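Visitor: No letters, just coordinates:
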Ligand code: GDP
C-alpha cells in the first residue's frame, strides 16, 4: 500500500435491550455469524460480537453488546450503556407484555445516554403471524411518537435482521460524520 492510501475504519458500540426471551441473542448471532439457536439459554454476563458493514466505501464496524440474561434480574448496569452510539429496543410481536415494557427500556436507555444515540424499535418474531399480539401499526405509531426508527424482524428466518442493524449503523455513521465536518 502506498503512503497516501489510507483505510478509514470506524468502530461503534451498539446495545441491544428488551425483555427476556424476545430474541436479542438470536438477532445478534444472526447478524454477526448468521446463526440461530432454537434452545438458547442465557448465560449471565455481558457479551459482545462484532460485524462490519460497508458505508460510502468505508468499513464501519459495530461492536454489539447483548445483555446476556442480566435483564432477568433488572440488573443491566450503567457500564452496559456507557459509550453506546446506537441501541436496538426489542420486543416480541407475539407477547404484548414485551411491547408494553418498551417504554421502561426507553426510559432506562435515555437516562444513561444522550439524545444523539441512534435508536431502533424492533418487533422481533414476525414469523409468528398466527400468534401475533402486537400489530404492525402499533409498533409504527409508538416509534413515531418516540422518534425511533422501526422495523419488524425474524431472527428465525432472517427477515430484516441485516437491515435493522444496517440502518442503525448508517445513522451513527451519519451523526458522527456531521460532527466531524
Ligand atoms: P433473549 O433472551 O432476548 O436473548 O432471547 P433469545 O435470543 O435467547 O431467544 C428466546 C427464544 O425465542 C429462543 O427459544 C429463540 O429460539 C426464540 N426466538 C428468537 N428469535 C426468534 C424469532 O425471530 N422467531 C421465533 N419464532 N423464535 C425466536
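Guide: Thanks, I have the structure now. Treat the numbers as computed from the prediction; the structure is a model and nothing was measured.
Visitor: Which strand or helix spans the nearest residue to residue 147 once chain neighbours are set aside?
Guide: Once flanking residues are discounted, residue 147 sits nearest to residue 119: 7.7 Å by C-beta to C-beta, 6 or more residues apart in numbering. In this view, the C-beta of every residue, glycine as well, is placed from N, C-alpha and C. Residue 119 belongs to strand 118-124 when assigned by DSSP states H and E.
Visitor: residues touching residue 47, list them.
Guide: By C-beta atoms under 8 Å, 6 or more residues apart in numbering, the contact list for residue 47 reads 65, 66, 68.
Visitor: Surely the second one and residue 25 touch.
Guide: Spelled out, it's residue 66. Yes - with contact defined as C-beta atoms under 8 Å, residue 66 and residue 25 form a contacting pair (5.4 Å).
Visitor: Make TSV out of the contacts of residue 47 and add distance to residue 16.
Guide: Formatted as TSV, those follow (distance: C-beta to C-beta, whole Å):
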residue	distance to residue 16
65	7
66	6
68	10
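Visitor: What mean pLDDT does stretch 151-166 get?
Guide: Averaged across stretch 151-166, the pLDDT comes to 98.
Visitor: Going forward, the N-terminal residue is numbered 35.
Guide: Okay, residue one is now 35; in that scheme the one you just asked about reads as stretch 185-200.
Visitor: Next, the distance between the ends of that stretch.
Guide: Stretch 185-200 has an end-to-end distance of 12 Å (C-alpha to C-alpha, to the nearest Å).
Visitor: can you check stretch 54-71 too?
Guide: 15 Å.
Visitor: and which of the contacts of residue 81 is nearest to the ligand?
Guide: residue 100 (6.5 Å; C-beta to the nearest ligand atom).
Visitor: Return the residues in contact with residue 105.
Guide: So residue 105 contacts 51, 52, 53, 54 (C-beta under 8 Å, 6+ apart).
Visitor: before we move on, what about residue 114?
Guide: 49, 80, 99, 101, 104.
Visitor: Using CSV, lay out those together with distance to residue 173, pLDDT and neighbour count.
Guide: Formatted as CSV, the contacts of residue 114 follow (distance: C-beta to C-beta, whole Å; pLDDT from 0 to 100; neighbours: other C-beta atoms under 10 Å):
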residue, distance to residue 173, pLDDT, neighbour count
49, 20, 96, 27
80, 27, 56, 15
99, 23, 93, 23
101, 21, 83, 23
104, 25, 72, 18
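Visitor: between those, which is nearest the ligand?
Guide: Among these, residue 101 lies closest to the ligand (C-beta to the nearest ligand atom), at 7.3 Å.
Visitor: if we can go back for a sec, report the distance from the strand holding residue 153 to the chain centre.
Guide: In terms of C-alpha atoms, centre = their mean, to the nearest Å, the centre of strand 152-158 is found 6 Å from the chain centre.
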